[in-house]
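S.K.: Based on what follows, work out the 3D shape:
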Amino acid sequence: MQKNEILKQYFGYATFREGQEELIDSTLAGRDTIGIMPTGAGKSLCFQIPALLLTGLTLVISPLISLMKDQVQALGANGVPAAYINSSLNNNQIIKVIENAKDGKYKMIYVAPERLDMAEFIGFCQKADIALLTVDEAHCISQWGQNFRPSYLKIREFIDKLPKKPTISAFTATATDEVKEDIIRILKLTDPFVVSTGFDRENLYFEVKKPANKDEALLYYLKKNPGKSGIVYCATRKAVEEVCTHLTRAHYETTRYHAGLSEDERNKNQDDFLYDRKAIMVATNAFGMGIDKSNVSFVIHYNMPKSIESYYQEAGRAGRDGAPADCILLYGGQDVITNQFLIDNSNDNSDLDPMNLELVRIKDRERLKQMTYYCHSYDCLREYILNYFGDNTANYCDNCYNCNTNFEELDITEYAQKILSCIKRMDERYGIKVIIDTLRGSKGERILRMGLDSIKTYGIMSEVSEKRIREVINYLVLNDYLMLTNSEFPTVKLTLKSRDVLFNDEKLMMKVAGDQPIIKMKKERGLKKHYAKSEGAVNDGLFNQLKELRLRLAQDKKVPAFVIFSDSALLDMCDRMPSTGAEFLEVSGVGKMKLEQYGKAFLEVIGSFSHRRIK
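M.R.: Numbering: from 1, shown residues only. This next block holds a predicted model:
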């Protein structure tokens, strides 16, 4: 069987997406391979198809139980024999998986990296024919990555214990050049074939809001988008509890997820969300890696994440099936302080020695700075994210808040001169808050104690709001007229460009927008625009009937609804209106197994709907 036949028969797709075929061919040729592809771009197929074609077993190193469970369930629904080994299984269950693997019952085994140094598992692998070893979420191997996991460092030690080196493939959605080089070096990849398809997700809409009341802004969005499924990310467990309670009291079907809950409750709450029993998941970043729920219509960050990498990975859990989805960040100044505290008090990298631990923290502070700049940018938000990852792109995307808002230009030259002069007179020794308080003439104890009320620039911007001064300072930092030190308590420093404003009368213009509610100021988007291939593609009546059928089948089989079919598959059914098995096979996401299992039921619903419409 050829790769194209595998693609259609098992996974239901007629053609490969960008980068998939090249990565598959490289792996099948026995060459070490790296795939850097955005969430939802189909990374899994790049190792699942070779696993079905290669003689021998494929091991997939995966960081989270939920990721393994979802992928193994989806593979089983497509007729692909696979299993997983992790802490959710007891010892007897693990022994059974290994026995089945010895009998050749699986083509793939997903395994947690912590299992790689267990004698029994190593013994099995040394006798098995391991053809391919895949490292999923490969950025976890780098201490410069946003989700560094020391357990990933065991992978190379494990490979070296095997009687022969398998082909190695590694995949990630978020990797800077530094992280990519770490992946190659630590895994000791041999002349790897590298494909980066770019990081853009055109279906995602980006917006940053700075609401006076985040709870009201969140409720406003949910009111404007009824019936949709989404994730609300919070920085702390306390915030998760408060937001979940707030939404539940507002009569939204909401659940929660954070590390403070018992494993049983986390699993139950996750299943409630995956199985569509609850529409909204409120969670810390402990939730979501590898979650393959295809109908997530929005991801709202109640708090700013610590890095662009984390933000894009979490936001990318929306719209995995290609449907339009919203990625909205509710920013507040306290978010920076909270994240700084989390960086300085994190135990995630406790295995590192003090010197390397401090290097990681310095890098984390730099990433936090870049994340903060994103929240203050008035330029295209998509461009900011893509440029961060090294993608060159146009500075207008037509699908973010900044690109679709009419900003006014404000001459801030005089403001800037006063701010820069104040910083110079303060000997560049203080942080943003102290600078603002001095400019506004604060009589606070700290300002008076340090004698800052005696400098010439004290109170020269007393008539300007703190918010406006902070906006101008952020603009000056973003445009390299100022810099922040990369330290636990950042201070503000002048740059060479500062002289042009202070002494050469350089004029500065800054975009400003008035306070607006959290609502998209843009062209109408949605299913009708995105899938407007024909009248059938946008018929909500048929689409809802197919969703109801999918939910019933999922409940009967005790699997998440997206394991049956994704939303995009249902929409393609609405477009094609198949009436025979052969026509049903043409639907994107329908393979031979799905046709045999579900074809009759879905064709009956489509036929009944079509008959009623004709009448």
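
S.K.: so where do the strands sit in the stretch 1-150 of the chain?
M.R.: With DSSP state E, counting those that start in this stretch as the criterion, the stretch 1-150 of the chain has strands at 33-36, 57-61, 82-85, 108-111, 130-135.

S.K.: mind checking which of the ones you listed is nearest residue 356?
M.R.: Nearest to residue 356, of all the strands of the stretch 1-150 of the chain, is strand 130-135, at 21.6 Å by C-beta to C-beta. For every residue, glycine as well, the C-beta is placed using N, CA and C.

S.K.: could you give the angle of the closest one to strand 57-61?
M.R.: Direction vectors for strand 130-135 and strand 57-61, defined by axes from the mean of the first three to the mean of the last three C-alpha atoms, to 10 degrees, enclose an angle of 20 degrees.

S.K.: Neighbouring strands - and their directions - for strand 130-135?
M.R.: Sheet pairing of strand 130-135 (DSSP bridges) gives strand 57-61 (parallel), strand 167-172 (parallel).

S.K.: so what does whichever helix or strand comes after the longest one touch, helix or strand wise?
M.R.: It stands for strand 167-172. Elements were assigned by DSSP states H and E; along the chain past strand 167-172, the next helix or strand is helix 177-187. If you count contacts as 3 or more C-beta pairs under 8 Å, 6 or more residues apart in numbering; DSSP states H and E, helix 177-187 packs onto strand 33-36, helix 154-160, strand 167-172.

S.K.: Kindly recompute the last result at 6 Å.
M.R.: Helices and strands touching helix 177-187, as assessed by 3 or more C-beta pairs under 6 Å, 6 or more residues apart in numbering; DSSP states H and E, are absent.

S.K.: Just the CA trace of that helix, in PDB.
M.R.: These are the backbone C-alpha positions of helix 177-187, laid out as PDB (Å, rounded to 0.1, in the frame of the first residue of the first chain):
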ATOM      1  CA  ASP A 177      16.100  28.700  15.700                       C
ATOM      2  CA  GLU A 178      17.800  28.300  19.100                       C
ATOM      3  CA  VAL A 179      15.400  25.600  20.200                       C
ATOM      4  CA  LYS A 180      15.600  23.800  16.800                       C
ATOM      5  CA  GLU A 181      19.400  23.600  17.100                       C
ATOM      6  CA  ASP A 182      19.000  22.200  20.700                       C
ATOM      7  CA  ILE A 183      16.700  19.500  19.300                       C
ATOM      8  CA  ILE A 184      19.300  18.500  16.700                       C
ATOM      9  CA  ARG A 185      22.200  18.600  19.200                       C
ATOM     10  CA  ILE A 186      20.600  16.800  22.200                       C
ATOM     11  CA  LEU A 187      19.000  14.100  20.100                       C
END
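
S.K.: could you point out which element follows that helix?
M.R.: Moving on from helix 177-187 towards the C-terminus, the next helix or strand you reach (DSSP H and E) is strand 193-196.

S.K.: hmm, back to that, wait, which of the strands paired with strand 130-135 is closest to residue 191?
M.R.: For residue 191, the closest of those is strand 167-172, at 11.6 Å, according to C-beta to C-beta.

S.K.: can you list contacts of the closest one?
M.R.: 27, 30, 32-36, 43, 47, 132-136, 138-139, 183, 189 (C-beta atoms under 6 Å, 6 or more residues apart in numbering).

S.K.: hmm, which of those residues are the buried ones?
M.R.: Applying 16 or more other C-beta atoms under 10 Å to these, the neighbour count classes 27, 32-36, 43, 47, 132-136, 138-139, 183, 189 as buried.

S.K.: got the contact list for the residue positioned nearest the centre of the chain?
M.R.: The geometric centre of the chain, computed from its C-alpha atoms, lies nearest to residue 313 (C-alpha atoms, centre = their mean), at 1.8 Å. If a contact means C-beta under 6 Å, 6+ apart, then residue 313 has residue 174 as its contacts.

S.K.: how much space between it and residue 40?
M.R.: According to C-beta to C-beta, to the nearest Å, residue 313 and residue 40 sit 11 Å apart.

S.K.: Could you do residue 70 as well?
M.R.: Summarising the geometry, the distance separating residue 70 from residue 40, computed by C-beta to C-beta, is 14 Å.

S.K.: List the residues that contact the residue nearest to residue 190 when sequence neighbours are not counted.
M.R.: What sits nearest to residue 190 in space, not counting adjacent residues and going by C-beta to C-beta, 6 or more residues apart in numbering, is residue 32, at 5.2 Å. Residues in contact with residue 32 (C-beta under 6 Å, 6+ apart) are 168, 189-190, 192.

S.K.: most surrounded residue in those?
M.R.: The member of these that has the most neighbours, counting by other C-beta atoms under 10 Å, is residue 168 with 24 neighbours.

S.K.: what's the nearest residue to that residue if we skip its chain neighbours?
M.R.: Closest residue to residue 168 in three dimensions, ignoring its sequence neighbours and counting by C-beta to C-beta, 6+ apart: residue 32, at 4.8 Å.
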